[in-house]
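1. The sequence isn't on hand, but the structure is:
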């Protein structure tokens, strides 16, 4: 790959909520980053499209594009939730839908990478999500 074909893939963590500003909250970051990408004229493309273009040797066709992803897939990827310390957090999916509604015709797509082990999710819920039971899997078929 040459620098002319580099294509950024940006990642946020919905469970990164330690405040309500850009430095401490990935929900705020996503909202602001989407606005920045729009101002920059970047087109959002699904990661599957990037993978197909890369495999077919057509990555150059995606110049100026960007891929979006969410790591770990807690409930906060899909459901709005009342954080006990920082108030209502808009889900990553709803932030994307809000962006798409403000910019009709602009694709807004992200891929969630899920931790699928129930035991791992239970452990992470107690250690990374303050025990709010926000690490479930019933939303996966909805995404």
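-> Perfect, thanks for sending it. Given the structure is predicted, the values throughout are model-derived calculations rather than measurements. Numbers count the residues shown, from 1 in each chain.

2. helix or strand right after the helix ranked longest in the chain?
-> When the chain is scanned for its longest helix (criterion: DSSP state H), the result is helix 26-40. For helix 26-40, the following helix or strand on the C-terminal side (DSSP states H and E) is strand 43-44.

3. Please state the offset of the longest helix of the chain from the chain centre?
-> Here helix 26-40 is found 11 Å from its chain centre; the criterion is Cα atoms, centre = their mean, to the nearest Å.

4. Let me see the mean pLDDT of it.
-> Taken as a whole, helix 26-40 has a mean pLDDT of 97.

5. Helices of this protein, start to end?
-> Using DSSP H, the helices of the chain run over 26-40, 47-55, 92-102, 118-128.

6. what's in contact with the longest helix of the chain?
-> Here helix 26-40 makes contact (Cβ atoms under 8 Å, 6 or more residues apart in numbering) with 10, 12-14, 16-17, 20-22, 44, 66, 76, 89-92, 95-96, 98-99, 103, 106, 108. Yep, even glycine has a C-beta here, placed from its N, CA and C like the rest.

7. and the direction of the longest strand anywhere in the chain versus that of helix 26-40, what angle?
-> Counting by DSSP state E, the longest strand found in the chain is strand 65-72. In terms of direction (axes from the mean of the first three to the mean of the last three Cα atoms, to 10 degrees), strand 65-72 departs from helix 26-40 by 180 degrees.

8. who touches strand 65-72?
-> Contacts with strand 65-72, where a contact means Cβ under 8 Å, 6+ apart, come from 7-15, 37, 42-47, 50, 77, 92, 96, 109-115, 124.

9. Show the buried residues in these.
-> Among those, those scoring as buried are 7, 10, 12-15, 37, 44-45, 50, 77, 92, 96, 110-112, 114, 124 (criterion: 16 or more other Cβ atoms under 10 Å).

10. my guess is residue 110 meets residue 96, correct?
-> Yes - the criterion here is Cβ atoms under 8 Å, and residue 110 meets it with residue 96 at 6.0 Å.
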